[in-house]
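Undergrad: Here you go, sequence then predicted model.
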Amino acid sequence: MQIPATIRGRWIPPGRPMGRILTPMRRGYTLIETLLSLVVLALLLGIMLPRFGAVRDQLAVNDEAGRIAAAHRRARTTAILMSRPVVLTISADSLAVNEADSAPTWIQPGPAASGVSLAGGMRQLTFSPVGITTGLSNATFRLTRGDASRTVVVSRLGRLRIR
């Protein structure tokens with residue numbers, strides 16, 4: 001009776017040469033599997049990329065609406081704290097707060113810097129020392145980018161709504 005031979009824990013059938021051991025095939029991906037995965041990935045990206053663009057547009061418009069609201073709060077608070085009239089200038093290129101007839105004390109880039117368009121021209125809101133806007137009934141700022149849009153409405157009493 002012959003005893004089966006093993007090398008490194010592997011059984012070698014009788015009649016096989018001892019010098020060469022057949023190792024199992026290495027595991028991996030074939031070219032067809034890789035190409036099929038790339039095709040599926042390309043299809044998914046083709047479906048999802050337009051949606052990502054719409055999400056980016058909506059995020060940019062929401063961010064700019066929030067920046068206009070923050071500039072409004074800053075100008076109103078400044079007018080109340082300094083007990084002086086303060087002017088908030090909102091244009092496509094900049095958001096600026098300044099005391100009446102003086103250089104801006106605070107200035108930030110406007111909605112155009114992030115590709116958001118502001119309907120209408122430059123608007124100035126003047127806040128009285130008690131925080132009420134003077135010289136207007138309601139101010140409406142319409143922000144758009146792509147299909148995304150938001151409207152910021154400022155009432156005369158200083159209430160702010162984003163729709």
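TA: On my side now, so go ahead. Please read all numbers here as calculations on a predicted model, not as lab measurements.
Undergrad: Look up how far Ser114 lies from the residue most central in space within the chain.
TA: For the chain, the residue nearest the mean C-alpha position is Leu59 (4.6 Å; CA atoms, centre = their mean). Distance, Leu59 to Ser114, by CB to CB, to the nearest Å: 10 Å. Backbone N, C-alpha and C define where each C-beta goes, glycine included.
Undergrad: what's the answer for Arg67, then?
TA: 9 Å.
Undergrad: which of the two has more neighbours?
TA: Using other CB atoms under 10 Å, the more surrounded residue of Arg67 and Ser114 is Arg67, with 21 against 14.
Undergrad: Surely the more buried one is in contact with Leu95?
TA: Yes. Applying CB atoms under 8 Å, one finds Arg67 in contact with Leu95, separated by 6.6 Å.
Undergrad: what's the overlap in contacts for the two?
TA: Gln108 (CB atoms under 8 Å, 6 or more residues apart in numbering).
Undergrad: list the helices and strands the one helix or strand the residue nearest to the centre of the chain maps to packs on?
TA: Element membership for Leu59 (DSSP states H and E) is helix 31-82. Under the contact criterion of 3 or more CB pairs under 8 Å, 6 or more residues apart in numbering; DSSP states H and E, helix 31-82 touches strand 86-90, strand 94-99, strand 106-109, strand 123-127, strand 138-145, strand 148-155, strand 160-162.
Undergrad: What is the subsequent helix or strand relative to the third one?
TA: Pointing back at strand 106-109 there. strand 117-118.
Undergrad: Check whether Ala92 really touches Ala119, as I assumed.
TA: No. Ala92 lies out of contact with Ala119 (CB under 8 Å); the separation is 9.4 Å.
Undergrad: Of these two, which one has the most company?
TA: Shown here are Ala92 and Ala119; by other CB under 10 Å, Ala92 has more neighbours (17 against 12).
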